[in-house]
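Student: Next comes the sequence, and after it the predicted model I'd like to discuss.
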Amino acid sequence: MINLMPVELKHQTRFARRNTLLLRWMVSMLIGTMGIVGVFFGGQIYIQQSIHAYENQVSQTKKSLADQKLEETQKHVQDISNSVKLVNQVLSREVLFSKLIKQVGAVMPPGSALQSLSLNKIEGGIDLQAVASDYQTASQIIINLADPANKVFEKADIQSINCSSTAIDTRYPCSASIRALFAKNNPYTFVQVSSGSSK
C-alpha cells in the first residue's frame, strides 16, 4: 500500500506519535517519583513512630523498676550480704560468747551491770551497753575493761555516758556506750587451736 499523504502531514503524524510516547514516559516517571517520595516519607514516619514507641517502653520500664523499689531492694540485699560476712567472720574466729560475757561481767565495778553487747564492723571490735548507779561508776567500767590484767580488751573508748533522773530503773540512772577492741591472744573470745586442753 502506497502512502499518498503529504510529507508535511507524515512528519506531523510521526512527531505526534513520538510526543504521545514521551508523554506516557513522563507520566510513568512522575508516578514512579511520587511513589519513591511516598515510600521515603512513609519510612520516616514509621521510624519516628517506632522511636516514640521505644521511648515510651523505656519510660514505662524505668517507672516499673522505680515502683518495685529496685534501689531499696539492692540496698537491703547489700545489708544482708554485710551481715552474712560479719557472721562468717565471727564463726571463722570462733568467738566464745559464753566465756566473754562471764569475763566482762566479772570486771564490771560494783553498782554497774552489762546491758548488751554486739559485734561491730570494725574487725576485732565490740560495742557494749552498760548501766551504772552514777557517772563515776560508769567511767570506772571503761577503766576496768581496758585493764591489761583482765586479758579481755586491748583498749576501750567511751562513745557516750548519759545520766537521767527519769530513768526507769532508779538503781542505774546512768547508761554508758562503749566500743572496745579485743586483746590479741584473748583466751575468752578465741579458741586456742594449738592448745590441747580447754581452760
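Tutor: Okay, I see it. Numbering: from 1, shown residues only.
Student: Show me where the chain has its helices.
Tutor: For the chain, helices defined by DSSP state H occupy the ranges 7-67, 70-93, 97-107, 135-146.
Student: Give me whichever of those is most buried.
Tutor: The highest mean neighbour count among the helices of the chain, using mean count of other C-beta atoms under 10 Å, belongs to helix 135-146: a mean of 19. In this view, the C-beta of every residue, glycine as well, is placed from N, C-alpha and C.
Student: returning to that earlier point: between the helices of the chain, which gets the lowest average pLDDT?
Tutor: Across the helices of the chain, helix 70-93 has the smallest mean pLDDT, namely a mean of 69.
Student: if we can go back for a sec, got JSON lines for the helices of the chain, with distance to residue 183 too?
Tutor: Compiled in JSON lines, those are given as follows (distance: least, C-beta to C-beta, whole Å):
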{"stretch": "helix 7-67", "distance to residue 183": "49"}
{"stretch": "helix 70-93", "distance to residue 183": "14"}
{"stretch": "helix 97-107", "distance to residue 183": "11"}
{"stretch": "helix 135-146", "distance to residue 183": "10"}
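Student: correct me, but residue 179 touches residue 127?
Tutor: Yes. If you go by C-beta atoms under 8 Å, residue 179 and residue 127 touch, sitting 5.5 Å apart.
Student: quick check: longest strand of this protein.
Tutor: Longest strand in the chain, counting residues (DSSP state E): strand 153-163.
Student: Okay, buried residues for that strand please.
Tutor: 153, 156, 161 (16 or more other C-beta atoms under 10 Å).
Student: how about the residues you listed in CSV, adding pLDDT and distance to residue 186?
Tutor: Compiled in CSV, these are given as follows (pLDDT from 0 to 100; distance: C-beta to C-beta, whole Å):
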residue, pLDDT, distance to residue 186
153, 83, 8
156, 85, 13
161, 89, 25
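Student: If we ignore the residues flanking it in sequence, what's nearest residue 158?
Tutor: Distance criterion C-beta to C-beta, 6 or more residues apart in numbering; nearest residue to residue 158, sequence neighbours excluded, is residue 142 at 5.5 Å.
Student: Kind regards, and thank you for your time.
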